[in-house]
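Asks: Got a sequence here, can you model it:
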Amino acid sequence: MTTPSSKAPHVEPVPFARVLVPYDGSEQSETALAFGIALAKRGAGLDIVHVVDETPVLTESSTTVVVFDPTPLIDALDDEGRAVANAAAARAREAGVEARTRIMHDFPVHGIVQAADDAHDGLIILGTHGRSGLPRTFLGSTTEVVLRSTNTPVLAVHAEMPPPDRLFNSLLVAVDDS
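Replies: Numbering: from 1, shown residues only. This next block holds a predicted model:
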């Protein structure tokens, strides 16, 4: 017989079977990972992707006067990417969550969108700098381009946002009559 005091604590179900956190070790991706872990603790599967953009290395190797093999530099980027993804997976394990990790060679936006599609993730959680004005014009926004490039819902979080105790207590739906 179960008494009210012996019941297991109620865990809110999440509306996403799997969530994707693109992770690069930045403060913004740390916050996104915290949100991903919070959702995984409520039943969602957690996927972590680190996208290796080898474009700068390949561009340098093809435009320099001195010919060099870019393979060692690309291998170093892979090693760094694995270390970053493994650190994120370790953080999830410490929180009691198992995560799948993936390293991809691609442009960041395309890699993130492709990883979400490949894993059938129901949500992409991205950290954002929250830049505006001139800095945003020159530095761009991976989060914004991902938002425009995917059919998967995107949750954008600022670095200083703590994961709430209860996720999705309420939602604001902006309507512009379009």
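
Asks: from here on, contacts and neighbour counts on C-alpha atoms
Replies: OK.

Asks: which stretches of the chain aren't confidently modelled?
Replies: Residues of the chain that meet the criterion pLDDT under 70 lie in 1-13, 56-66, 130-140, 164, 166-169.

Asks: which helix of it spans the most residues?
Replies: When the chain is parsed with DSSP state H, its longest helix is helix 71-94.

Asks: Residue 121 and residue 19 touch, don't they?
Replies: Yes. Residue 121 is within contact range of residue 19, at 5.1 Å (criterion: C-alpha atoms under 8 Å).

Asks: so what sits against both of the two?
Replies: The contact sets of residue 121 and residue 19 overlap at residue 47 (C-alpha atoms under 8 Å, 6 or more residues apart in numbering).

Asks: the more surrounded of these two?
Replies: Counted by other C-alpha atoms under 10 Å, residue 121 and residue 19 do not tie: residue 19 has more neighbours, with 26 against 22.

Asks: Between helix 71-94 and the host helix or strand of that one, find me the angle.
Replies: In this structure, residue 19 sits in strand 18-22 according to DSSP states H and E. Taking axes from the mean of the first three to the mean of the last three C-alpha atoms, to 10 degrees, one finds that strand 18-22 is oriented at 130 degrees with respect to helix 71-94.
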